[in-house]
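In: Let's see this in three dimensions:
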Amino acid sequence: CLVGSEMCIRDRSNLFIRLSIADIHSINCDKSIVFLFGKCYLFVAIIYNRKMSKQKIIRACTVPQSLGFVAGMLSDLQKKYEVVLLSSPGPEWERIYKSHPDIKCIEVNMERHISPIKDIKSLWQLWRTFRREKPQMVHSMTPKAGLLCMMAAWMAGVPVRVHTFTGLVFPTAVGGKRKILMMTDRLTCACATHIIPEGEGVKNDLLNNGITKKPIKVLGYGNCRGIDLKRFDRTPEVMEQAGRLRKEGVCTFIAVGRIVGDKGINELVEAFVKLNRENADTRLILVGGYEEKLDPLKPETLSLIKNNDAIESVGSQSDVRPWFAASDVAVLASYREGFPNVVIEAGAMGLPQVVTDINGANEIIVEGVNGTIVPSKDANALYDAMKRMLDAGYRDILAKNARKWIASRYEQGFVHKCLYDFYDTCL
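Out: Have a look, this model is predicted:
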């Protein structure tokens, strides 16, 4: 180490520590002591630089909308790690750029649906990205990002590869599609070093269907984002906006999420129309966007939404709090979920709920405590549950428990700490 004119140790933060030969020659001592001094100096410098540099974590999602899962914890993560965000291109990146201008963002196109040629191209780009960035951990969420990022990270030799299953598609699929989906989930798990199921239902599906034999554990009570109870509250500002949306003397049901078949909207509309014929003082608000190409509603459902004055489809909303506050009951009629944030949000806003008996929803809602649970794909069961919710006394009993139940299990700080503790065990 003393052959050149100086020793130079450099870490990722461009910190230099130099020891010149002139300094060495000025030391009047035995040559062996000089070499010992040089080795000790080099060792101390390397240890110092390692402590000064932060470990790099890449958080990846298929589409930038899903970066909302990690946005709330970026400031905390940056205190300890060098955080890089990765997702497909999209206008939603602008919000990240504005709120966190100091975070490195990488755009790699990933198709949500199966597209072999484009998927291979994405895999190649991800492999090159991971080789260049040299992260200590890649943590992916959402199905396609999980498959491609875990494969690319394994190929690139990333030491810690984590995937969070926020939901599984194969349990509701049939035939060849189900086999393909199960195969891709098995491949994701095989390439990952750590697997996080968002809830106990997802965990059981992974284990019972032989997707993986690796040890997996739900963090906390489940959920990967948590709820900001200060924001999701009936503040004066929220209630003022809700007052303009609310209709007095009417029992208002609300469904928040994509307006697609997979979310049970066909059955929900059918159940509500039947209820509305018998009880005119009812109203249904649909908050969310349509997906005509990926999962369109039935033509008859679209016709009912368009022609029934008691159904209001208000599109996607940047702030759902006033809409929750203007409603009496929240409904989730979905066929499948991982751990639905909308149920947590509605509960934090103090709403009783009707949910289907699916993963996540049946962990958040306890029958007769903060809501009621019905079978999925069953319009008659939805109708019966919604009809019972017309009883104001029954609604009030459930509503009193709604917020405190959410606060005891899914408060944001607690959920985030569970993830931070998990990272500490991995890195």
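
In: If you drop the residues flanking it in sequence, what lies closest to residue 97?
Out: residue 105 (7.0 Å; Cβ to Cβ, 6 or more residues apart in numbering). For every residue, glycine as well, the C-beta is placed using N, CA and C.

In: Look at that neighbour and give its secondary structure.
Out: strand (DSSP: H, G, I helix; E, B strand; the rest coil).

In: One more: residue 393?
Out: Secondary structure of residue 393, per three-state DSSP, is helix.

In: burial count for it?
Out: For residue 393, the neighbour count with other Cβ atoms under 10 Å is 6.

In: Same check on residue 307?
Out: For residue 307, using other Cβ under 10 Å, the count is 9.

In: Check residue 339 too.
Out: Neighbours of residue 339 using other Cβ under 10 Å come to 28.

In: Surely it is in contact with residue 166?
Out: Yes. Between residue 339 and residue 166 there is a contact under Cβ atoms under 8 Å: 6.7 Å.

In: Return every residue with contacts to both of the two.
Out: Counting by Cβ atoms under 8 Å, 6 or more residues apart in numbering, the shared contacts of residue 339 and residue 166 are 198, 202, 224.

In: Now, those residues that are in strands?
Out: Among the shared contacts of residue 339 and residue 166, no member falls in strands (DSSP state E).

In: residue contacts, residue 383?
Out: 271, 274-275.

In: Show me these that map onto strands.
Out: Using DSSP E, none of those sit in strands.

In: Scan those residues and report the most crowded one.
Out: Busiest of those [other Cβ under 10 Å] is residue 271, holding 27 neighbours.

In: tell me the contacts of it?
Out: Here residue 271 is in contact with 379-380, 382-383, 386 (Cβ under 8 Å, 6+ apart).

In: So for it, what pLDDT did the model give?
Out: We have a pLDDT of 98 for residue 271.

In: Would you quantify the distance from it to residue 387?
Out: 9 Å (Cβ to Cβ, to the nearest Å).

In: same deal with residue 225?
Out: Taking Cβ to Cβ, one finds residue 225 at 33 Å from residue 387.

In: what do you get for residue 379?
Out: From residue 379 over to residue 387 (counting by Cβ to Cβ), the distance is 12 Å.

In: more crowded one of those two?
Out: Higher neighbour count among residue 379 and residue 387: residue 379, with 19 against 15, using other Cβ under 10 Å.

In: which ones are touching the more buried one?
Out: 267-268, 270-271, 274.

In: Can you tell me the SS state at residue 285?
Out: strand.

In: What's the per-residue pLDDT of it here?
Out: 98.

In: cool, and the one 5 residues further on?
Out: The predicted structure scores residue 290 at 95 on the pLDDT scale.

In: Show me what it bridges to in the sheet.
Out: Beta-bridge partners for residue 290, by DSSP bridges, are residue 259.

In: Look up how far residue 68 lies from it.
Out: Counting by Cβ to Cβ - residue 290 and residue 68 are separated by 20 Å.

In: Then residue 378?
Out: For residue 378 relative to residue 68 (Cβ to Cβ), the value is 31 Å.

In: okay, those two: which has more neighbours?
Out: Taking other Cβ under 10 Å, residue 378 and residue 68 do not tie; residue 378 has more neighbours (17 against 14).

In: Helix, strand, or coil at the closest residue to the more buried one other than its chain neighbours?
Out: For residue 378, ignoring the flanking residues on the chain, the nearest one in space by Cβ to Cβ, 6+ apart is residue 267 at 6.8 Å. Secondary structure state of residue 267, per three-state DSSP, is helix.

In: if I pick the nearest residue to residue 260 once chain neighbours are set aside, what's in contact with it?
Out: In space, residue 260 comes closest to residue 295 once its chain neighbours are excluded; the distance is 3.8 Å by Cβ to Cβ, 6+ apart. By Cβ under 8 Å, 6+ apart, residue 295 lies in contact with 258, 260-262.
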